[in-house]
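# how would this look folded up:
(one chain, ligands or ions: 2)
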Amino acid sequence: MITVFSDAHALHDGKAELHDGKLVTSFEMPRRAALVLSRVTEVGLGPVIPPSAFGLDPVKRVHAPDYVDFLAGAWDAWVAEHGAYDALPFTWIAPGMRRVVPDHIDGKLGYYSFDAGTPITAGTFQAVRAAADVALTGAQLVARGERGAFALTRPPGHHAHRACYGGYCFFNNAAIAAQALRDTGAERVCVLDIDYHHGNGTQDIFYDRGDVLFVSLHADPVQEYPYFLGFADETGTGAGEGANANYPLPFGTGFEAWSAALDHALARIAAFGAEALVVSLGVDTYKGDPISRFRLDTADYPTIGGMLAGLRLPTLFVMEGGYAVEAIGVNAVGVLQGFEA
Ligand code: Q9C
Ligand code: ZN
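Residues are numbered from 1 along each chain as shown. Ligands and ions are numbered 1, 2, ... in the order given. Next up is the predicted model:
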């Protein structure tokens, strides 16, 4: 399997996030992607290639132009106001308030985000552009006939909505790739999200569309971030009615219950008649993950890959979460090895 990778991910290097009431070292760090890459080469998964440059047009197929412009200029605006340290938002629009774009960067950060865990740093925009290119290059490989490809994206993407960032995510790499697959000929595409957290951004982007099925297995939002989306009764709207499926699972879920939900999800996907599959591949379902509470083991990841291969669909894997850094390479690449076995 070909892996697409860009060194530019390392330009996004946030210092801290608000976690349990304290500013702590960011869990989402450059070392994550470096360790996945070294595992790819260690096991000889296949060639590693750099991304092609697609520009921002395919990004704007899923993100609002004003949001993309905001991200492009946010660091400079922040530095001009405060100095060259990480930008974090601190206030958001609540029900009863008005949705007006502020002039001041502090207000803009809140307007275009939904949490205080996602710093903007000097190289963030370059890194997120590169990640979109990585996803788009992977989509192109799959569109041109590869059975599987791995977009080793960082920062991750599935929490990013059409016009707001959060959950360590800025551009929704998986959604950008799914849209590109639609735009290059696939009539129906499925995004399957197996990250521990609900893919709120991806769900919202495709919620009113019947051509992109979104299916997600994740920690129940009554217990876990992102709390305000990802419930089982969210089934899509309008033309998208029936094209959204959530499988919320409780804290402590192990592989038996998790894989039973996956079996159900796979039947759903097979019935939809997708021509291509995008997998939002998070491995924060691992029992050793420092911010998550599922109980999957390293040996389970190749099994997952095998189950996904059973769909017999051209498949693009897009890297999302996973914060047990020492295990992230073995677990993520394990899925890909299981898919190819
Ligand atoms: N103390 C991804 O896995 N922070 N994002 C939760 C609560 C948000 C995870 C910390 C976690 C976002 C792509
Ligand atoms: Zn996650």
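
# only C-alpha atoms for contact and neighbour calcs from this point on.
Will do.

# Following the chain onward from the helix or strand encompassing residue 78, which element is next?
Residue 78 belongs to helix 65-82 when assigned by DSSP states H and E. Later in the chain than helix 65-82, the nearest helix or strand by DSSP H and E is helix 105-111.

# Show me what the mean pLDDT comes to for the helix holding residue 78.
Helix 65-82 carries an average pLDDT of 98.

# Just name whatever secondary elements it is in contact with.
helix 105-111 (3 or more Cα pairs under 8 Å, 6 or more residues apart in numbering; DSSP states H and E).

# Export the helix it packs on to PDB, keeping only CA atoms.
C-alpha atoms of helix 105-111 as PDB (Å, rounded to 0.1, in the frame of the first residue of the first chain):
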ATOM      1  CA  ILE A 105      -8.600  38.500  16.400                       C
ATOM      2  CA  ASP A 106      -9.600  37.300  19.900                       C
ATOM      3  CA  GLY A 107     -13.300  37.400  18.900                       C
ATOM      4  CA  LYS A 108     -12.600  35.800  15.500                       C
ATOM      5  CA  LEU A 109     -10.800  32.900  17.200                       C
ATOM      6  CA  GLY A 110     -14.000  32.200  19.200                       C
ATOM      7  CA  TYR A 111     -16.300  32.800  16.200                       C
END
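
# can you list the residues that contact that helix?
Residues from elsewhere that reach helix 105-111 (Cα atoms under 8 Å, 6 or more residues apart in numbering): 74, 77-78, 81, 88-93, 99, 101-102, 164.

# And the longest strand anywhere in the chain, how far out from the chain middle?
Looking across the chain with DSSP state E, the single longest strand is strand 212-219. Centre-to-centre, strand 212-219 and its host chain are 12 Å apart (Cα atoms, centre = their mean, to the nearest Å).

# same check, this time on stretch 326-338
Chain-centre distance of stretch 326-338: 17 Å, with Cα atoms, centre = their mean.

# What about residue 101, how many residues nearby?
Applying other Cα atoms under 10 Å, we find 12 residues neighbouring residue 101.

# ok, now residue 260?
Taking other Cα under 10 Å as the definition, residue 260 ends up with a neighbour count of 11.

# The helix or strand where it lies: which residues count as buried?
Assignment of secondary structure by DSSP H and E places residue 260 within helix 255-272. Across helix 255-272, burial judged by 16 or more other Cα atoms under 10 Å covers 255, 258-259, 261-262, 265-266, 269, 272.

# among the contacts of helix 105-111, which two are most distant?
Greatest spacing in the contacts of helix 105-111, by Cα to Cα: 81 and 99 (22.8 Å).

# Is there any residue in stretch 273-283 that contacts ligand 1?
No: counting by Cα under 6 Å from any ligand atom, ligand 1 has no neighbours in stretch 273-283; the shortest distance is 6.6 Å.

# distance between the ends of that stretch?
End-to-end distance for stretch 273-283: 26 Å, by Cα to Cα, to the nearest Å.

# buried stuff in it?
So for stretch 273-283, counting by 16+ other Cα under 10 Å, buried means 274-283.

# Likewise for stretch 84-95?
Result for stretch 84-95 [16+ other Cα under 10 Å]: buried residues 86-89, 91-92.

# what's that stretch in contact with?
For stretch 84-95, the surrounding residues in contact (Cα under 8 Å, 6+ apart) are 14-15, 75, 78-79, 99, 106-107, 109-111, 113-122.

# and stretch 292-305, anywhere near ligand 2?
No: using Cα under 5 Å from the ion, stretch 292-305 stays clear of ligand 2, coming no nearer than 8.0 Å.

# Can you show me the CA trace of that stretch as PDB?
Only the C-alpha atoms of stretch 292-305 are listed here, as PDB (Å, rounded to 0.1, in the frame of the first residue of the first chain):
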ATOM      1  CA  SER A 292      -9.700   7.900  25.900                       C
ATOM      2  CA  ARG A 293     -11.700   5.200  27.700                       C
ATOM      3  CA  PHE A 294     -12.100   2.200  25.300                       C
ATOM      4  CA  ARG A 295     -10.200  -1.000  25.800                       C
ATOM      5  CA  LEU A 296      -9.000  -2.200  22.300                       C
ATOM      6  CA  ASP A 297      -5.700  -4.100  22.200                       C
ATOM      7  CA  THR A 298      -2.900  -4.000  19.700                       C
ATOM      8  CA  ALA A 299      -3.900  -7.400  18.300                       C
ATOM      9  CA  ASP A 300      -7.400  -6.100  17.500                       C
ATOM     10  CA  TYR A 301      -6.200  -3.500  14.900                       C
ATOM     11  CA  PRO A 302      -5.200  -6.000  12.100                       C
ATOM     12  CA  THR A 303      -8.500  -7.700  12.700                       C
ATOM     13  CA  ILE A 304     -10.300  -4.400  12.000                       C
ATOM     14  CA  GLY A 305      -8.300  -4.000   8.800                       C
END
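
# What score does the closest residue to residue 273 other than its chain neighbours have for pLDDT?
Excluding its sequence neighbours, the residue lying closest to residue 273 (Cα to Cα, 6 or more residues apart in numbering) is residue 188, at 7.0 Å. With respect to pLDDT, residue 188 scores 98.

# Sticking with the single nearest residue of the stretch 201-341 of the chain relative to ligand 2, tell me its helix or strand.
Nearest residue of the stretch 201-341 of the chain to ligand 2: residue 321, at 4.3 Å (Cα to the ion). Assigned by DSSP H and E, residue 321 belongs to no helix or strand.
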